[in-house]
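Peer 1: Next come a sequence and a model predicted from it.
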Amino acid sequence: MRVGIGYDVHKLVEGRPLVLGGVQIPFERGLLGHSDADVLTHAIIDALLGAARQGDIGQLFPDNVVDYEGISSLVLLSSVNDIVRAKGFIISNIDAVIVAQAPKMVSYIIPMCNCIAMTLNLTSEQVNIKATTTEGLGFEGKSLGIAAYAVALLN
């Protein structure tokens, strides 16, 4: 049994779509990044890579490689799934939390769980996603960015 933790954060900017857990969320701003900047999926990727002792997202998918520019983070997650499984691991479960003052995430949690589960060939029961605010504190509370934390359990 192996456990990994992942964390990611991206700045909110105008002119970009907001994608979390592979789901596009209607909002006036999106996350800035080389890929689609999906902080939730990036945190899950790092949790999986950490548990499998395979480095991190920046080592595997550097932000100076043109092939990754604008790429869906679900494509990266699928690749990480292949790496984890090739090492002989089975993903037991994933638990994650999104930290954002806005937008409200409640309507998108189940679609995010389903999207992540489908990408990883898991059941929706193996993926749990939560969202919280910081009560106006910090960069998330001031709606300057969104952060995500994830934990993955491998067997």
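Peer 2: Nice, thanks for sending it over. Residues are numbered from 1 along each chain as shown.

Peer 1: element containing the most centrally placed residue in the chain?
Peer 2: Central residue of the chain (Cα atoms, centre = their mean): T41, 1.7 Å from the mean position. According to DSSP states H and E, T41 maps onto helix 39-51.

Peer 1: List the buried residues for that helix?
Peer 2: 39-51 (16 or more other Cβ atoms under 10 Å). No exception for glycine: its C-beta is placed from N, CA and C like everyone else's.

Peer 1: Mind putting those into CSV with pLDDT?
Peer 2: As requested, the buried residues of helix 39-51 are exported to CSV (pLDDT from 0 to 100):
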residue, pLDDT
V39, 98
L40, 98
T41, 98
H42, 98
A43, 98
I44, 98
I45, 98
D46, 98
A47, 98
L48, 98
L49, 98
G50, 98
A51, 98
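
Peer 1: which one of these is nearest A152?
Peer 2: Nearest to A152 among the buried residues of helix 39-51 is A47, at 3.9 Å by Cβ to Cβ.

Peer 1: so that closest one sits right up against N93, yeah?
Peer 2: No - if you go by Cβ atoms under 8 Å, A47 and N93 don't touch, sitting 10.7 Å apart.
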